[in-house]
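*Asks:* Next one to model:
(4 chains)
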Protein chains: 2
Amino acid sequence: MARTAEESRFSLQKDRMLRAAARCFNQKGFSGTSLKDVAGQLGLTDAALYYYVRNKEELVYLCYLKAAELGRAALETATAEGGTALERIRRYLHLHAEFMLGEPGPVAIMSEIPSLKTEHREEILRLSREHSARFEALLREGIDEGSIAPCDVRMTGNAIMGALNWIPKWHHGDPDVARQVLASFPDILSRGLVPAGSR
Amino acid sequence: MARTAEESRFSLQKDRMLRAAARCFNQKGFSGTSLKDVAGQLGLTDAALYYYVRNKEELVYLCYLKAAELGRAALETATAEGGTALERIRRYLHLHAEFMLGEPGPVAIMSEIPSLKTEHREEILRLSREHSARFEALLREGIDEGSIAPCDVRMTGNAIMGALNWIPKWHHGDPDVARQVLASFPDILSRGLVPAGSR
DNA sequence: CGATTATTTTAATCCGGATTAAAATTTTTG
DNA sequence: CAAAAATTTTAATCCGGATTAAAATAATCG
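*Replies:* Numbers count the residues shown, from 1 in each chain, chains lettered A, B, ... in the order given. Okay, here's the model as predicted:
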């Protein structure tokens, strides 16, 4: 039996749905997008969405979950290859910027976290904290090995994350701009980390 | 007649209202806050808000307008005193962070811009662009005078703004953290700007 | 104080979008 | 192909929160 095929048909549609939702939430804001808007992009009726998702809240939640996962994956990929902590961070900056420039990026702003149901909200916040913690650990590692200048890792992490996460606010899909971002952000965000001596 | 007194009574209430609204939008998200929530904080009925504002859209708009104005004022104050461009930028970083840590800051995220009416949306976006432009001009000035290392001013400005504007996302009112931010952000965000020679 | 203006409340209305249930259609499977 | 499962639609319902109008209360002024 085509178990995998069935599975994937459902999952693929669901994924299309999430991407459509992310696009809408970004363009029109959360309160500004109706389920009809999202369904429209898929050539479906609003009611059809309920086959994939319990309600609108779950739709946002899944978008946020996916954004969190993509961020996590970027950090993991960047650190997997080795090199100094500074080098790994620079790879991460590039990967994360890349993801923020893409489709689901905008939803990463996660402005509607407060209106998620408690359980979902806590999960998203937990994932977010875990991500920050991993990044800060990487900074600490760099400081220990000397590839990064001593600093307040918490605050430095927050600053860098902010710069990355803010990208969707001013990037509106122009591929030229996207290229500029990828070319400049790793430098901009890591230059301040380099110890005074090793310039 | 006590024209000024009347004026100020109205304005003061209106200002209280905006602060209450900002607090709500931040804590509960835009779609999550009803006019009743905002009115409740003021000991009023929801209908009373309509004496001060045409509708909910105008309420958000005014919050955004105020946030934009505070940002503008921070930059103006910081640049008024003179010094090298780098020094002025560092003063600005401190002032802007200070404002982001305060009451109306959180609304500065401005996630509901898409659902503003065209006229309001365009005004807010214009103010935002003007602010960026002024900051970039300051960067350019620093590069010319040599207090700042050559860089892509557009991207550098975006990165710094992002780091600042993201503050409300992770700052939740703890005054200790606020102190840490003010102590570290100007350094963190300006260290990367300093030319390699003048460390 | 009486009158006028400012502010707020009460009590409806209104409305769009979320949600649901049942029916119709399409796809899969044996 | 027929039956079963999966997917989507149609057609209501439902509901909370925005908005409004008129009335009530409070403040101010001459």
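
*Asks:* near chain B, anything from stretch A:108-126?
*Replies:* Yes. For stretch A:108-126, a contact with chain B is found by Cβ under 8 Å from any Cβ of the partner chain, at A:109, A:111, A:112, A:113, A:114, A:115. Yep, even glycine has a C-beta here, placed from its N, CA and C like the rest.

*Asks:* what separates the fifth one from residue B:37, distance-wise?
*Replies:* I take that to be residue A:114. For residue A:114, the distance to residue B:37 (Cβ to Cβ, to the nearest Å) stands at 12 Å.

*Asks:* Between these two, which contacts overlap?
*Replies:* residue B:28 (Cβ atoms under 8 Å, 6 or more residues apart in numbering or on different chains).

*Asks:* Torsion angles phi and psi at residue A:53?
*Replies:* Per-residue torsions, residue A:53: phi -150, psi 150 (degrees, to the nearest 10).

*Asks:* meant to ask about residue A:39
*Replies:* Main-chain torsions, residue A:39, degrees, to the nearest 10: phi -60, psi -40.

*Asks:* you'd agree it is up against residue A:50?
*Replies:* No. Using Cβ atoms under 8 Å, residue A:39 is not in contact with residue A:50; the gap is 10.0 Å.

*Asks:* So for these two, which residue has more residues nearby?
*Replies:* Between residue A:39 and residue A:50, residue A:39 has the larger neighbour count (other Cβ atoms under 10 Å in any protein chain shown), namely 20 against 14.

*Asks:* so residue A:25 touches residue A:106, yeah?
*Replies:* Yes. The criterion here is Cβ under 8 Å, and residue A:25 meets it with residue A:106 at 7.3 Å.

*Asks:* and these two? which has more neighbours close in?
*Replies:* For residue A:25 versus residue A:106, neighbours defined as other Cβ under 10 Å are more numerous around residue A:25 (27 against 22).

*Asks:* average pLDDT across stretch A:188-199?
*Replies:* For stretch A:188-199, mean pLDDT rounds to 90.

*Asks:* roughly how far out does that stretch sit from the chain middle?
*Replies:* Distance, stretch centre to chain centre, for stretch A:188-199: 25 Å (Cα atoms, centre = their mean, to the nearest Å).

*Asks:* Repeat that for stretch A:175-191.
*Replies:* With Cα atoms, centre = their mean as the basis, stretch A:175-191 stands 17 Å off its chain's centre.

*Asks:* helix or strand for the nearest residue in space to residue A:154 that is not next to it in sequence, which one?
*Replies:* Excluding the flanking residues, the one nearest residue A:154 by Cβ to Cβ, 6 or more residues apart in numbering or on different chains is residue A:136, at 6.2 Å. Per DSSP states H and E: residue A:136 is located in helix A:118-145.

*Asks:* and that helix, what does it pack onto?
*Replies:* For helix A:118-145, the packing partners by 3 or more Cβ pairs under 8 Å, 6 or more residues apart in numbering or on different chains; DSSP states H and E come out as helix A:56-80, helix A:85-101, helix A:153-165.
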